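**Q** Requesting a structural model of the entry that follows:
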Amino acid sequence: MSGYTGPAEVEPMPGYLDLITRASSVMLGAWRDCGRCGLELSKRTLLDNAYITWTEIALFIFCAFLCTQVRRALTESLFQPLARWCRLLPKDAAKMPESAWKLGFYTMSWSYSTYLLFFSSYSFFHDPPSVFYNWKSGMSVPADIAIAYLIQGSFYGHSIYATIYMDAWRKDSAVMVVHHIITLALISFSYAFRYHNVGILVLFLHDINDIQLEFTKLNIYLKNRGGGYHLLNDILSNSGSVSFSITWFWFRLYWFPLKVLYATCVSSLQSVPNIPFYFFFNALLLALLLMNIYWFLFIVIFVVKVLKVKEVNDVREYEDEEESKATKGLHMEPQSANNDDDDDGDAGHHNSARRKHVQNGVTKEKHL
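**A** Numbering: from 1, shown residues only. The predicted structure follows:
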């Protein structure tokens, strides 16, 4: 079931039309050939091709728990004191630790995946179909990729908990939880089925946007620190928002479908006929693409708002407006609603009917 080493030359990257036509044709053909597919075959395929030990599962759980504790420790000992030292506005000081934590993690994780793809022997970025060359069931996972998987898997395991109980609750938080679950499923199953090569490429194409998002948000918080206006942080926040918008499209809506989805939908069956769980993994990747498109709509709204009011606010993580109105007991003016959303999250303690949660190590009331 292995041994295919690929063509002599690297295949050129397809266009959108080529992706749609070839992927749909290949997937329809695979569906027609899957006459005996069913629960019994899926169960047998799972048992025959999934390789993961209880030790690896226990290590993942431990590292996810460790991520949560490290974040709490950094919040209390570093991020919150830094926010007080910078004299941030209360609403910004409450959210600054979350962005600082995420910026640190994503910078580290993306730097490591960049090293793997561009400064080691792997050619997955320049030759995406090569992620399936020489694939075989139960093949060993290289140590450098296994480390990346452990780091990313434990972080997203932590993030499911953190989005609900530690982060500020926002309009897209429910979608964010679904995103983290799908990402964790992709990480876990791709590791177990030895699709780790394509997994590294997926992580590389997604983490860079989170770096830019959190960097932009931190500069938004810092530009009004100490009760004054700071031009440098304003320039950095505007620059970050522009680069974030461009790279979101380029990495997640251009490279991701044309490099990753083409490889998983088309090239995978060329390298490994009857590859296990072909439809399952492609369904998860397509769901990830749909969420990227969904969030891109937030970015378009954000760009339009910047062009109209000449001010940068949170890009895709808006505070829930309905929660804000219920909390403050008043209706906001449309032009100031986006800025007031963040203030409303801090006023949640006025409503005793709401459940309390911990946001960045501080008890906060919010809706689940």
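
**Q** where in the stretch 1-150 of the chain is pLDDT low?
**A** Low-confidence segments of the stretch 1-150 of the chain (pLDDT under 70): 1-8, 35-41.

**Q** Show me where it has its helices.
**A** Using DSSP state H, counting those that start in this stretch, the helices of the stretch 1-150 of the chain run over 16-33, 39-49, 54-74, 80-85, 90-118, 143-165.

**Q** can I get those in JSON lines with mean neighbour count and distance to residue 206?
**A** In this view, the C-beta of every residue, glycine as well, is placed from N, C-alpha and C. Converted to JSON lines, the helices of the stretch 1-150 of the chain look like this (neighbours: other Cβ atoms under 10 Å; distance: least, Cβ to Cβ, whole Å):
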{"stretch": "helix 16-33", "mean neighbour count": "13", "distance to residue 206": "18"}
{"stretch": "helix 39-49", "mean neighbour count": "12", "distance to residue 206": "26"}
{"stretch": "helix 54-74", "mean neighbour count": "15", "distance to residue 206": "18"}
{"stretch": "helix 80-85", "mean neighbour count": "15", "distance to residue 206": "27"}
{"stretch": "helix 90-118", "mean neighbour count": "19", "distance to residue 206": "9"}
{"stretch": "helix 143-165", "mean neighbour count": "19", "distance to residue 206": "10"}
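
**Q** Relative to residue 232, which of those is closest?
**A** Closest approach to residue 232 among the helices of the stretch 1-150 of the chain (Cβ to Cβ): helix 90-118, 16.4 Å.

**Q** quick check: angle from that closest one to helix 54-74?
**A** Relative orientation of helix 90-118 and helix 54-74, computed by axes from the mean of the first three to the mean of the last three Cα atoms, to 10 degrees: 140 degrees.

**Q** can you pull the buried residues of the helix ranked longest in the chain?
**A** Determined from DSSP state H, the single longest helix within the chain is helix 278-309. Neighbour-count burial for helix 278-309, counted by 16 or more other Cβ atoms under 10 Å, picks out 278, 281-282, 284-285, 288-289, 291-292, 295-296, 298-299, 302, 305-306.

**Q** cool, and stretch 120-128?
**A** By neighbour count on 16+ other Cβ under 10 Å, the buried set for stretch 120-128 is 122, 123, 124, 125, 127, 128.

**Q** how about those residues in JSON lines, adding distance to residue 203?
**A** Below are the buried residues of stretch 120-128 laid out as JSON lines (distance: Cβ to Cβ, whole Å):
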{"residue": "122", "distance to residue 203": "13"}
{"residue": "123", "distance to residue 203": "17"}
{"residue": "124", "distance to residue 203": "11"}
{"residue": "125", "distance to residue 203": "12"}
{"residue": "127", "distance to residue 203": "18"}
{"residue": "128", "distance to residue 203": "14"}
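
**Q** Look up how far residue 77 lies from residue 64.
**A** In this view, residue 64 and residue 77 are 21 Å apart by Cβ to Cβ, to the nearest Å.

**Q** For residue 91, give its distance to residue 63.
**A** In this view, residue 91 and residue 63 are 32 Å apart by Cβ to Cβ.
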